[in-house]
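A.B. asks: sequence first, predicted model second:
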Amino acid sequence: MLRQAMLALSKSRRAERLVTTSPLTADVVDRYVADDVARVVGALTGEGLLVSVDHLGEEVTDEAAAGQAVAHYLALLDLLPAGADVSVKLTALGLRLSQRLALEHAGAICAAAAQRDLTVTLDAEEHDTIAGLHAVHAALRREHPDVGVVVQSYLPDSLDRCEKLGGARVRLCKGAYTAPGAYTRPADIDRSYVRCLKVLMSGTGYPMVATHDPRLIRIAATLAELAGRDATGFEYQMLYGVRPDEQRRLAGLGARVRVYVPYGSDWYPYLMRRLAERPRNLTFFLRSLLSRR
């Protein structure tokens, strides 16, 4: 119920006005959303971490707004070092207006990223956009084979998705939305995550293990070893501001660790979904205000 409440709040304009105008939220936002993306990326990469940068924003209502989102991403590419990744939400590129439009815009970003030795990963969103997400991803891979895609383990078809994504870069996460028939119990979502991990680690693609869960991180390391993958054969992904000590620890052990860095003024829906992802995150985020660990 708390998860559903938080997700409902993420769509509430009234709640958004209340939260975004409160001075009490400034410290939270500063920790989990980059204020100066170039500075943050420079600091993280200076510590041996990789980055995936997301310009916050989604659900555009007209082609002009979608075009503006593309312009933001193209400008972002000039700020990133080689080897960085850009996370793109297709609804920001016009997916709800037209799948063709989203494909055209995503293709332009992929082409520009390739020229700079950067990669692009397509983010997963609400359940009714997932079919369009994978259709656009499949089309993009014909010209941009390294374009990545997100699979959410809370969806019951996640295993089937992973099995069909041979050779692809796949970011596996638990998911921060709701959907009819989706797994809701944490144990069921975790079991689905492990099933997907087994497929990805034994496959021919590049697994991106997006979790802060210590148990799942240990399982991922074991599965990678059993599959004969070395440290370059997969990566961990964690959110900016969440378990930074663990990010550095894993990187210090030689693992590839990529930090998901959101930036931009449209931070409210993002932050609410992070809190909804697992109810205990609310306590974690509040506690994090008192500690940088």
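C.D. replies: Structure's in. What do you need? Numbers count the residues shown, from 1 in each chain.
A.B. asks: C-alpha only now, for contacts and for neighbours.
C.D. replies: Noted.
A.B. asks: now do the helices in the stretch 151-293 of the chain.
C.D. replies: Assigned by DSSP state H, counting those that start in this stretch, the helices in the stretch 151-293 of the chain fall at 158-164, 186-202, 214-226, 244-252, 268-277, 280-288.
A.B. asks: buried sites along the longest one?
C.D. replies: Under the neighbour-count criterion of 16 or more other Cα atoms under 10 Å, helix 186-202 has 189, 190, 192, 193, 194, 196, 197, 198, 199, 200, 201 buried.
A.B. asks: next: the fourth one.
C.D. replies: Along helix 244-252, these residues count as buried under the neighbour rule (16+ other Cα under 10 Å): 247, 248, 251.
A.B. asks: between those residues, which is closest to residue 229?
C.D. replies: residue 251 (16.3 Å; Cα to Cα).
A.B. asks: any regions of the chain where pLDDT drops low?
C.D. replies: Within the chain, the stretches with pLDDT under 70 are 1-28, 267, 273-293.
A.B. asks: just want the most central residue of it.
C.D. replies: Centroid-nearest residue in the chain: residue 123, 5.8 Å away (criterion: Cα atoms, centre = their mean).
A.B. asks: which residues touch residue 91?
C.D. replies: Taking Cα atoms under 8 Å, 6 or more residues apart in numbering as the criterion, residue 91 is in contact with 58, 59, 60, 102.
A.B. asks: and the third one, how many neighbours?
C.D. replies: Around residue 60 there are 20 other residues, counting by other Cα atoms under 10 Å.
A.B. asks: what's near enough to touch the closest residue to it other than its chain neighbours?
C.D. replies: Nearest residue to residue 60, sequence neighbours excluded (Cα to Cα, 6 or more residues apart in numbering): residue 92, at 5.4 Å. Going by Cα under 8 Å, 6+ apart, residue 92 touches 57, 58, 59, 60, 65, 66, 69.
A.B. asks: how about the strands in the stretch 51-200 of the chain?
C.D. replies: Secondary structure of the stretch 51-200 of the chain by DSSP state E, counting those that start in this stretch: the strands cover 85-89, 119-123, 148-152, 169-173.
A.B. asks: related to what we said a few turns ago, which residues touch the residue nearest to the centre of the chain?
C.D. replies: Residue 123 touches 87, 88, 89, 90, 149, 150, counting by Cα under 8 Å, 6+ apart.
A.B. asks: can you tell me which of the contacts of residue 91 is nearest residue 257?
C.D. replies: residue 58 (26.1 Å).
A.B. asks: what's the neighbour count on the closest one?
C.D. replies: 20.
A.B. asks: from what I see, it and residue 89 are in contact.
C.D. replies: Yes - Residue 58 is within contact range of residue 89, at 6.5 Å (criterion: Cα atoms under 8 Å).
A.B. asks: what number of residues lie near residue 128?
C.D. replies: Residues near residue 128, counting by other Cα under 10 Å: 10.
A.B. asks: report the separation between it and residue 143.
C.D. replies: 26 Å (Cα to Cα, to the nearest Å).
A.B. asks: thanks a lot, see you next time.
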